[in-house]
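> need a structure here:
(one chain, ligands or ions: 1)
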Amino acid sequence: MKKLITIFILLFNIAYSKNCTVAPFILNYTINSNIDKLSYISDIKQNYKKLKHLCVNLLAFREGALRWKMLLVTNPKREHGVFWFLPHDNENSAFNSAVYAVSKYGGGFLAVVNNNKRYNAGQDPNRNFSYSRVKICKEQIAPSPIYTNIVFSIIDYYKGASMPYLALHNNTNGGGISILKSSSKVKSYLAYPKSQIIDGKGLQDEDNLVYMVGLQKTPPSSLYKLLKAGMSVKYEIVNSINNDCSMSNFVVLEKGTNNYFNIETQRRQSWVQKEMIDRVIKLIIDN
Ligand SMILES: [Zn+2]
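Next up, the predicted model:
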């Protein structure tokens, strides 16, 4: 009987074991792939049950005075496809949303690990994209070819060629980012009448929006599909004179594409962010 149980457990483990391997170039930066040893990281602790079914790798590297740590999470059933970048470790709802997205749709995400803080020794991870020194990027402390190459080679490795660049962020209630604010550089496109947005429930909340980018004053036609699907959109007009070395600006200026979506929701509104992920992915797949 004991033997039988042992065989059963063995078979069960084989049937349900994950096949978690990483590409050799990523292995160079991988310092830990054991989720149980990584559960000191609060995002992992909070999502432990779901992450157990996914592949989790802690990566680390140095560039100048900065030491970077990042979590690479992929779905072993389908690791290529939809891939997200999460630069801000203080935005915890975005992490929960990313786990949801990868569990449901496959692909993966790369999230900066930084003790639940936004800045790493004074550097905002989302103002750190450049191959060489860019004078105009006031918020970048030093050029970052290593950071930029590692992050984008991982994204480009997992992301399908036709897939957009994707990011997840959280903002604060009525904070600096709002669909009710706009400028000559960042234009707001409202999916709902202003009065409903001021009322602010769920998708209609001023803080819940999708960021798009491009070189042209006229936004890509996909913007109107997002509006139709019930999501307000901020469209940022990018050029080398107003480059801020963010991921979105880098995608436009260096990757030469405007195929980028950043889903921003208010903190602790993961349920709205998940709904927006479903809607954005539906548009990407239907496209
Ligand atoms: Zn953010």
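> Please count neighbours and contacts with C-alpha atoms only from this point.
OK.
> beta partners for the one residue in the stretch 101-250 of the chain that gets nearest to the ion?
For the stretch 101-250 of the chain, the nearest residue to the ion under the criterion C-alpha to the ion is residue 169, separated by 4.2 Å. Listed by DSSP bridges, the beta-bridge partners for residue 169 are residue 264.
> Enumerate every residue touching it.
When contacts are counted by C-alpha atoms under 8 Å, 6 or more residues apart in numbering, residue 169 touches 86-88, 91, 94, 262-265.
> Which stretches in the stretch 101-250 of the chain count as strands?
Assigned by DSSP state E, counting those that start in this stretch, the strands in the stretch 101-250 of the chain fall at 108-113, 165-171, 186-189, 209-214, 233-237.
> Make a markdown table from the ones you listed and add mean pLDDT to it.
Shown next, in a markdown table, are these (pLDDT from 0 to 100):
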| stretch | mean pLDDT |
| --- | --- |
| strand 108-113 | 98 |
| strand 165-171 | 97 |
| strand 186-189 | 97 |
| strand 209-214 | 98 |
| strand 233-237 | 98 |
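> Out of those, the one nearest residue 252 is which?
Of all the strands of the stretch 101-250 of the chain, the one in closest proximity to residue 252, counting by C-alpha to C-alpha, is strand 209-214 (6.3 Å).
> Show the contacting residues for residue 253.
Under the criterion of C-alpha under 8 Å, 6+ apart, the neighbours of residue 253 are 238-240.
> Now rank those residues by neighbours and give me the top one.
Greatest neighbour count in the contacts of residue 253, by other C-alpha atoms under 10 Å, goes to residue 238: 23 neighbours.
> Please tell me how far the spatially closest residue to it that is not a sequence neighbour sits from residue 177.
Of all residues beyond its chain neighbours, the one nearest residue 238 is residue 215 (5.2 Å), with distances taken as C-alpha to C-alpha, 6 or more residues apart in numbering. Separation of residue 215 from residue 177 (C-alpha to C-alpha, to the nearest Å) stands at 21 Å.
> just the contacts of residue 169 that are near the ion?
On the criterion C-alpha under 5 Å from the ion, residue 88 are the entries of the contacts of residue 169 that sit beside the ion.
> Dump the contacts of residue 169 into TSV; add neighbour count, distance to residue 187 and pLDDT as well.
As requested, these are exported to TSV (neighbours: other C-alpha atoms under 10 Å; distance: C-alpha to C-alpha, whole Å; pLDDT from 0 to 100):
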residue	neighbour count	distance to residue 187	pLDDT
86	25	23	98
87	26	23	98
88	24	23	98
91	23	24	96
94	30	23	98
262	24	15	98
263	22	16	98
264	23	15	97
265	32	18	97
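> Could you find which two of the contacts of residue 169 are furthest from each other?
Taking C-alpha to C-alpha, no two of the contacts of residue 169 sit farther apart than 87 and 265, at 14.6 Å.
> mind showing which ranges of this structure have poor pLDDT?
Counting by pLDDT under 70, the ranges of the chain that qualify are 1-17.
> Kindly recompute the last result at 90.
Across the chain, residues meeting the criterion (pLDDT under 90) sit at 1-19, 21, 133, 160-161, 173-176, 200, 285-287.
> what residues are up against the residue nearest the centre of the chain?
When C-alpha atoms, centre = their mean is applied to the chain, the residue found nearest the centroid is residue 85 (2.7 Å). If you count contacts by C-alpha under 8 Å, 6+ apart, residue 85 has them with 109-111, 155, 166-168.
> Any of the residues you listed buried? List them.
Neighbour-count burial within the contacts of residue 85 applies to 109-111, 155, 166-168; the criterion is 16 or more other C-alpha atoms under 10 Å.
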